[in-house]
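Asker: next comes the sequence, and after it the predicted model I'd like to discuss.
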Amino acid sequence: MGWARYGRVLALTAGAALSTAVALIATMNPYGNLPLRSSGPHPMMDSNRRFQLAAQLRDPAFDSVVIGTSTSMLLDPAELDRHLGGRFLNAAMENSRAWEEYRAGLLFVRTPRAGSTLLVGLDAVWCMSDADDNRVTERGFPDWLYDEDRWNDLPRMLNSKALEVAMLMALHRLGLLAPRLAANGLEVFTPPEDEYDARKAAQHIWRNRKRDTVPVEPPVMPSARQRASWQFPALGWLDELLAASPASGRRVLAFMPVHVAAQPVPGSLAAAREQECKDRIRTIAERHGAHVIDFRISSPVTREDDNYWDSLHYRVTIATRIAEGIAAALATRTDDPNGFWRYVTGPARTAVSSRP
């Protein structure tokens, strides 16, 4: 075969491969952002849900959403539907940063949905002093999928990642592969409950702290000037997110219940910083008529090792109790008699949604 003919064959082969890839991506629409949409719901096939999540956040089938880190991922949308009303999507992301959660929440609230609930599962990432410089993880975040400009998506669609997801979706459409996640976004990422080992769990829980850690006495009491100097960049994004969410909806900020081993030592400077962050979040919530519920406290739940796989991640049974607790807190506007949560603040009674 001469070089000219070899070059033509190579060009034709490359062209055919490129055409096939373009056709597959356009037909399967792996990120749900192209004009041509395949029939049926958008299945979550990618191991990094940040890329396909934007399509779910735009899906009108959902009128309510959970955003957060892995400490919110076990909240079952079906249970939230039952206790809070609505049709929930769990859009929490593993090891996410506040910026990513802000972008996900903003995409959801841009499309007003009657009677919607925005549930933000608050975690330590919202109180990070370097949140503005630490916006994403090594997983990457496709900010271009979360804006309103669809045209800027096109140059980014022809790549191996999009092709891989398109192929997975094609296998799903052919009935050969199940979606990686449930349609409502629930991902039970913890091991099966029958594999729970209390001894191993305790080792993970107390890996970074001694069991006999005692409160700092006397407690650190920063001055007003020192507290005012502390920076929490992510709180500006939280303010913007609540401002953008529809006034007709319900906004709930819930600090997730990490184990006491992952909470600051009482009386320490770290505890004072966290309380300052919580106080500022309360101010933001009151400005926008949002509820604040605090599960991130020392409680009978967070002090019990058997409720956790590690210091951050509770078991499925606790996720059920959180959903029930949020509903009870919203209904009663009081602290839990058993100490599981504190009801921090909420909108005026006249502004409370009539939804169950």
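Answerer: Yep, it's here. Residues are numbered from 1 along each chain as shown.
Asker: quick one, helices of the chain?
Answerer: Remark: helices assigned in the chain by DSSP state H are 3-28, 53-58, 77-84, 98-109, 160-173, 198-205, 224-229, 234-244, 269-288, 316-332.
Asker: what residues are up against the nearest residue to Gly325 once chain neighbours are set aside?
Answerer: Spatial nearest neighbour of Gly325, excluding adjacent residues (Cβ to Cβ, 6 or more residues apart in numbering): Trp341 at 5.2 Å. The way it works is simple: take the backbone N, C-alpha and C, and place the C-beta from them, glycine included. Counting by Cβ atoms under 8 Å, 6 or more residues apart in numbering, Trp341 makes contact with Ile293, Asp294, Phe295, Ile297, Ser299, Gly325, Ala329, Asp335.
Asker: surely the second one and Gly339 touch.
Answerer: No. Look at Asp294 against Gly339 with Cβ atoms under 8 Å: they stay out of range, at 11.4 Å.
Asker: pick out whichever of the two has more residues nearby.
Answerer: Shown here are Asp294 and Gly339; by other Cβ atoms under 10 Å, Asp294 has more neighbours (22 against 14).
Asker: ok, that one to Arg333 distance?
Answerer: Between Asp294 and Arg333 the computed distance is 13 Å (Cβ to Cβ, to the nearest Å).
Asker: shared neighbours of the two, which are they?
Answerer: What both Asp294 and Arg333 touch, as defined by Cβ under 8 Å, 6+ apart, is an empty set.
Asker: pLDDT wise, what is the residue nearest to Met73 when sequence neighbours are not counted at?
Answerer: Nearest residue to Met73 in three dimensions, chain neighbours excluded: Ala92, at 4.4 Å (Cβ to Cβ, 6+ apart). Note for Ala92: predicted pLDDT of 97.
Asker: so that it lines up with my notes, have the first residue be 47 from now on.
Answerer: Noted, 47 is the first residue going forward, which turns the last one into Ala138.
Asker: contact partners for Ala138?
Answerer: Val112, Ile113, Gly114, Thr115, Ser116, Thr117, Ser118, Met119, Leu121, Glu147, Gly167, Gly231.
Asker: still on that earlier bit, of all the contacts of Trp387, which comes closest to Ala244?
Answerer: Ala244 lies nearest to Ser345 out of those, by Cβ to Cβ, at 19.2 Å.
Asker: from memory the closest one sits against Phe386, does it?
Answerer: Yes. With contact defined as Cβ under 8 Å, Ser345 reaches Phe386; the gap is 5.2 Å.
Asker: between these two, tell me which one has more neighbours.
Answerer: Phe386 (22 against 19).
Asker: hmm, the more buried one is touching Ser344, no?
Answerer: No. Phe386 is not in contact with Ser344 according to Cβ under 8 Å; the separation is 10.9 Å.
Asker: state the distance from the residue nearest to Met119 to Ala72.
Answerer: Taking Cβ to Cβ, one finds Ala138 at 30 Å from Ala72.
Asker: now swap in His334 and tell me
Answerer: Distance from His334 to Ala72, by Cβ to Cβ: 41 Å.
Asker: now do Pro89
Answerer: The value you get for Pro89 to Ala72, if Cβ to Cβ is used, is 17 Å.
Asker: now swap in Trp252 and tell me
Answerer: In terms of Cβ to Cβ, Trp252 sits 52 Å off from Ala72.
Asker: likewise Ala331?
Answerer: Distance from Ala331 to Ala72, counting by Cβ to Cβ: 43 Å.
Asker: more neighbours, those two?
Answerer: Ala331 (23 against 15).
Asker: got a pLDDT number for the residue lying closest to that one once chain neighbours are set aside?
Answerer: Excluding the flanking residues, the one nearest Ala331 by Cβ to Cβ, 6+ apart is Val338, at 4.7 Å. Note on Val338: pLDDT of 98.
Asker: tell me which residues touch Val338, please.
Answerer: Going by Cβ under 8 Å, 6+ apart, the list of residues near Val338 reads Leu299, Ala300, Phe301, Ile327, Arg328, Ala331, Tyr389, Val390, Thr391, Gly392.
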